[in-house]
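Asker: when you get a sec, could you give me coordinates for this:
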Amino acid sequence: QGPVCTNLGLKPGQRLTVKGKIAPNAKSFVMNLGKDATLLGLHFNPRFDAHGDVNTIVCNSKKVEEWGAEHRETVFPFQKGGTAEITFGVNQNDVTVHLPGHQFTFPNRLNLAVFDYFDTQGDFTLQSLSWE
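Answerer: Numbers count the residues shown, from 1 in each chain. The predicted structure is shown next:
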């Protein structure tokens, strides 16, 4: 478990940029964005080789103990031992995930007006966090 941020206050029109280093022997890492640890609007999980997925980004949402339907992205711009910069743009109805050379949106299934919570887990070392 990496750092946990609370009271972020991210609203539609704002962006959160995450920079960090991926472990040389990485299997997967996770970034969670939501209201708190039990209400996750976006569970972002790049998997190098985990849970039967290889070089796949799996996204989901979580309401208390209930996970939603998994969304898979096959574009995988991450490298073991490399650095990663990911920007999450909060919109009214979804979150736009900006990756190197690729972007996609994930619906705001929980209808969160504000994203206050962020954490990282797994084979990723957070180097900087900025929002605008």
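
Asker: next, the contact list for C5, please.
Answerer: For C5, the set of contacting residues under the criterion of CB atoms under 8 Å, 6 or more residues apart in numbering consists of 117-119, 129. Quick note: C-beta positions are derived from backbone N, CA and C, even for glycine.

Asker: at 10 Å instead, please
Answerer: 16, 33, 116-120, 126, 129, 131 (CB atoms under 10 Å, 6 or more residues apart in numbering).

Asker: can you give me phi and psi for it?
Answerer: Recorded main-chain torsions at C5 are phi -110, psi 140, according to degrees, to the nearest 10.

Asker: gap between it and I57?
Answerer: Taking CB to CB, to the nearest Å as the measure, C5 falls 21 Å from I57.

Asker: picking that back up, return the members of the contacts of C5 classed as buried.
Answerer: 16, 33, 116-120, 126, 131 (16 or more other CB atoms under 10 Å).

Asker: in helices only, show me those residues.
Answerer: Of the buried ones among the contacts of C5, none are assigned to helices by DSSP state H.

Asker: farthest pair in those?
Answerer: With distances taken as CB to CB, the most widely separated pair in the buried ones among the contacts of C5 is D116 and L126, at 17.6 Å.

Asker: quick one, strands of this structure?
Answerer: Taking DSSP state E as the criterion, the chain carries its strands at 4-5, 15-22, 29-36, 39-50, 53-63, 66-67, 71-73, 83-90, 94-99, 102-107, 117-122, 124-131.

Asker: alright, that wraps it up for me.
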